[in-house]
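[1] requesting a structural model of the entry that follows:
(2 chains)
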There are 2 protein chains.
Amino acid sequence: MKKIGVLGGGQLGRMMIQSSMNLNIHVKTLDADPNAPCKAMAHEFVQGSLNDYDTVMNFAKDIDVLTIEIENVNADALIEIEKQGTTVYPKPHHIQLIQDKRIQKQFYADNNIPTSPFVLVDSKEDLDQHKDLLPAVMKIGKGGYDGRGVQVMKTENDFSKGFDGPSVFEKMVDIDKEISIIAARNPSGEIKTFPAVEIVYHESNLVDYLLSPANISKEVENKVKEISIDLLNKLDYVGLLAIEFFVDNEGNVIVNEVAPRTHNSGHQTIEGNITSQFEQHVRAILDFPLGDTKRRSPSAMVNVLGEKGYTGEAIYKGIDEILKLSGVYIHLYEKHITKPERKMGHITIIADDKDELLRKVELVKKYFKVIA
Amino acid sequence: MKKIGVLGGGQLGRMMIQSSMNLNIHVKTLDADPNAPCKAMAHEFVQGSLNDYDTVMNFAKDIDVLTIEIENVNADALIEIEKQGTTVYPKPHHIQLIQDKRIQKQFYADNNIPTSPFVLVDSKEDLDQHKDLLPAVMKIGKGGYDGRGVQVMKTENDFSKGFDGPSVFEKMVDIDKEISIIAARNPSGEIKTFPAVEIVYHESNLVDYLLSPANISKEVENKVKEISIDLLNKLDYVGLLAIEFFVDNEGNVIVNEVAPRTHNSGHQTIEGNITSQFEQHVRAILDFPLGDTKRRSPSAMVNVLGEKGYTGEAIYKGIDEILKLSGVYIHLYEKHITKPERKMGHITIIADDKDELLRKVELVKKYFKVIA
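    Below is the predicted model of the structure:
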């Protein structure tokens, strides 16, 4: 039985376990939270910091392949683990590249991957020299996550809201749509991409819901697929890569950012596609043939976030109403404590057509609440 | 978080955990085998005998609902547990009824559930008085499983092969097809049935493969559905019930036997139907609304059995070939040791039409082998 070590014990790791148990994969998990979502499900659960060099080194001693479910890990340890002969996928230098938005952005520029105009700055003090990029977005190089570390700047009056560390300062582009492609590549070089999905954001900058298929032309769909394949090949990447694109009104596309792992924008593949993103990642890192990514039916995904104003032992309202709906799948992450906007789960919806899909999305949003 | 206790830690319990984790269900499992398939996945795993009264009593002390994944359990303990106020589904007297094929058969006769002509006998010594039923099948009342405890008798010369204990002696019926209906009922009285599936047996009397939809007329489909609903209502049953039917050439149907749990003939529902049998059972015993049982696409299921001639640490041959096929899902049960014809897993196949389905069934049977 192959033994996979996973850095991170959150919901992404949990759903990877749920999928990989079908292939008798032994999963060992590391997470700082003793009650992480993977706690009960992993074959072995180790409590410890993903950022501590020695903890990560020790964790990897008895595994066949090391992977991640969050990119905020000690990359120096990954490099050393790989050097000592244990397989690490995604490759450590790719995780490093993606950990730093500056290096990531520069890679796109150097490799003809379409991206928005930008400059690298050392802190907000530098912004005065780049007023020509306004309106713009300042993104901290390292450590941003889920909307944190990102600051929109419409005029130079906003410069004071900027960050003090090394950042990317990029021109804001006209966005018609935001779409995502989940792509996978195995060590043998086989590549498969999932169909593009459309991401609809909530005002809080967290994903509100997600639609598959995305409402884009065949031309745009082909374009983002080609760019994704090009990017994976240029990186010589192994594993799953989630690639977020901006599409403007004329159908021009640019890469916004990527994540070297399974991704929120791929959750609906569990029920919506022939192969799920979780199984695909496991196939990729174990050098199995990649699975068919074809859509089985139109699908949508709604994040389940803790209601504002509630912190404490989670209570789920509306389970009965949701379970009465056909083709609506609740996925909870076994997080005991809810907080405002904490991701507590997601709900996937399948339907024969888009109207029916959106009708059910509205019902899900109306009925399902996490309070305390 | 609701805590379910499950008697039995085999593959049926394992797939129930895989499904119920989506609803944050806490699963505690009891099994005599310290390496049972549920070992790594259950929130709590207790090693102990399902037939030992005190073991079962102690196991049930801190749970909300007790259920089973195998019917060979200490039913006296279940009755006492229910008496002491813990919910047990299926109800203990239904488990008892099904544990004894004699009581089960008599229930059908008493309640107008179509079944084959039979007599109850105390041992093979009684058979001489019932030659009129030949050709017939002798089935031991208690303890038979997977073809054990069943003896076909063509002439009176076969009587010596019979059993020494209380048994059912039933007329052999002309069988055109064997089909199965998985039905569920919750405490509120809601009933849902899955579409009928067709069971194709291997010479060894274990299921070879299974087809959904079954190749039967709409009339037969309606008939078995009606009988299933009638049976659940007459029993006042709660939980999942797998009902196996014989169909003759004229479209007459009779109930062969039932299992008070998730069943091998429902495995393909994981990928083939809107709701899986495992989720349906959990919904039923927790009195949630039952899920839509509709078929998403034609599906087939092939059992993965240990090859004859091999005993020892399991080795799986053909994984790469299978993973290359679209819509083919490997489910392994994390059984470390293979034995001839031991159920080591199953493979579900989905396809747009029956020809494609059967083509893939043949490929799966050709490539996938468990050796040691």
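
[2] and A:Ala77, that's in a strand?
    No - counting by DSSP: H, G, I helix; E, B strand; the rest coil, A:Ala77 is not found in a strand; it is helix.

[3] host element of the nearest residue to it once chain neighbours are set aside?
    Excluding its sequence neighbours, the residue lying closest to A:Ala77 (CB to CB, 6 or more residues apart in numbering or on different chains) is A:Val56, at 3.8 Å. Glycine gets a C-beta too; all of them are placed from N, C-alpha and C. If you go by DSSP states H and E, A:Val56 is part of helix A:53-59.

[4] and A:Lys366, by the same measure?
    Going by DSSP H and E, A:Lys366 is in helix A:354-367.

[5] state the mean pLDDT of that helix.
    Confidence for helix A:354-367, expressed as mean pLDDT, is 95.

[6] please name the residues that touch A:Tyr53.
    Listed by CB atoms under 8 Å, 6 or more residues apart in numbering or on different chains, the contact partners of A:Tyr53 are A:Asn74, A:Asp76, A:Ala77.

[7] can you pick the most crowded of these?
    Most neighbours among the contacts of A:Tyr53, by other CB atoms under 10 Å in any protein chain shown: A:Ala77, with 24 neighbours.

[8] now do the helices in the stretch 51-200 of chain A.
    For the stretch 51-200 of chain A, the helices defined by DSSP state H, counting those that start in this stretch occupy A:53-59, A:75-83, A:92-99, A:101-110.

[9] looking at the ones you listed, which is nearest to B:Lys131?
    When these are compared by CB to CB, helix A:53-59 sits nearest B:Lys131, at 70.5 Å.

[10] burial of A:Asp52, as a residue count?
    16.

[11] now A:Asp287
    So A:Asp287, with other CB under 10 Å, has 16 neighbours.

[12] not including adjacent chain positions, what is the nearest residue to it?
    A:Pro187 (4.7 Å).

[13] gap between that neighbour and chain B?
    13 Å (CB to the nearest CB, to the nearest Å).

[14] got a list of what that residue touches?
    Contacts of A:Pro187 were listed using CB under 8 Å, 6+ apart, and they are A:Tyr89, A:Val238, A:Asp287.

[15] ok, back up a step: deepest-packed of the helices of the stretch 51-200 of chain A, please.
    Burial among the helices of the stretch 51-200 of chain A, expressed as mean neighbours by mean count of other CB atoms under 10 Å in any protein chain shown, is greatest for helix A:92-99, which shows a mean of 20.

[16] average pLDDT across it?
    96.

[17] now do that helix against helix A:101-110, angle only.
    100 degrees (axes from the mean of the first three to the mean of the last three CA atoms, to 10 degrees).

[18] between helix A:92-99 and helix A:75-83, how big is the angle?
    160 degrees.

[19] quick one: distance of the helix holding A:Lys366 to the chain centre.
    Centroid separation for helix A:354-367 versus its chain: 24 Å, with CA atoms, centre = their mean, to the nearest Å.

[20] what pLDDT does the model give A:Asn249?
    So, for A:Asn249, pLDDT stands at 88.

[21] picking that back up, and B:Gly272, which of the helices of the stretch 51-200 of chain A is closest to it?
    Nearest of the helices of the stretch 51-200 of chain A (CB to CB): helix A:92-99, 37.2 Å.

[22] helices or strands next to that closest one in the packing?
    Secondary-structure packing of helix A:92-99 (3 or more CB pairs under 8 Å, 6 or more residues apart in numbering or on different chains; DSSP states H and E): helix A:75-83, helix A:101-110.

[23] would you reformat those helices as a markdown table and include distance to B:Ala196?
    Listed next are the helices and strands packed on helix A:92-99 as a markdown table, based on distance: least, CB to CB, whole Å:
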| stretch | distance to B:Ala196 |
| --- | --- |
| helix A:75-83 | 52 |
| helix A:101-110 | 54 |
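
[24] residues from the stretch 1-150 of chain A in reach of chain B?
    By CB under 8 Å from any CB of the partner chain, the part of the stretch 1-150 of chain A that sits against chain B consists of A:Met1, A:Arg14, A:Gln18, A:Met21, A:Asn22, A:Leu23, A:Asn24, A:His26, A:Ala40, A:Met41, A:Ala42, A:His43.

[25] now a ChimeraX select for only the buried ones of the residues you listed.
    A single ChimeraX command is used to select the members of the residues of the stretch 1-150 of chain A next to chain B judged buried by 16 or more other CB atoms under 10 Å in any protein chain shown:
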select /A:14,18,21,22,23,24,26,40,41,42,43
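
[26] can you tell me which of the residues of the stretch 1-150 of chain A next to chain B is nearest A:Gly327?
    A:Gln18 (19.2 Å).

[27] could you find the closest non-adjacent residue to the closest one?
    B:Gln18 (5.8 Å).

[28] which residues touch that neighbour?
    A:Gln18, A:Met21, B:Met41, B:Phe278.

[29] in strands only, show me these.
    Applying DSSP state E to these, no entry is found in strands.

[30] let's see which of the residues you listed end up in helices.
    A:Gln18, B:Phe278 (DSSP state H).

[31] show me where the stretch 151-300 of chain A has strands.
    A:167-171, A:177-185, A:191-193, A:197-201, A:207-212, A:239-247, A:253-259, A:299-305 (DSSP state E, counting those that start in this stretch).

[32] pipe the ones you listed into JSON lines and attach distance to chain B and mean neighbour count per row.
    What follows is those, written out as JSON lines (distance: least, CB to the nearest CB, whole Å; neighbours: other CB atoms under 10 Å in any protein chain shown):
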{"stretch": "strand A:167-171", "distance to chain B": "38", "mean neighbour count": "23"}
{"stretch": "strand A:177-185", "distance to chain B": "13", "mean neighbour count": "25"}
{"stretch": "strand A:191-193", "distance to chain B": "11", "mean neighbour count": "19"}
{"stretch": "strand A:197-201", "distance to chain B": "20", "mean neighbour count": "18"}
{"stretch": "strand A:207-212", "distance to chain B": "16", "mean neighbour count": "22"}
{"stretch": "strand A:239-247", "distance to chain B": "16", "mean neighbour count": "24"}
{"stretch": "strand A:253-259", "distance to chain B": "23", "mean neighbour count": "20"}
{"stretch": "strand A:299-305", "distance to chain B": "11", "mean neighbour count": "24"}
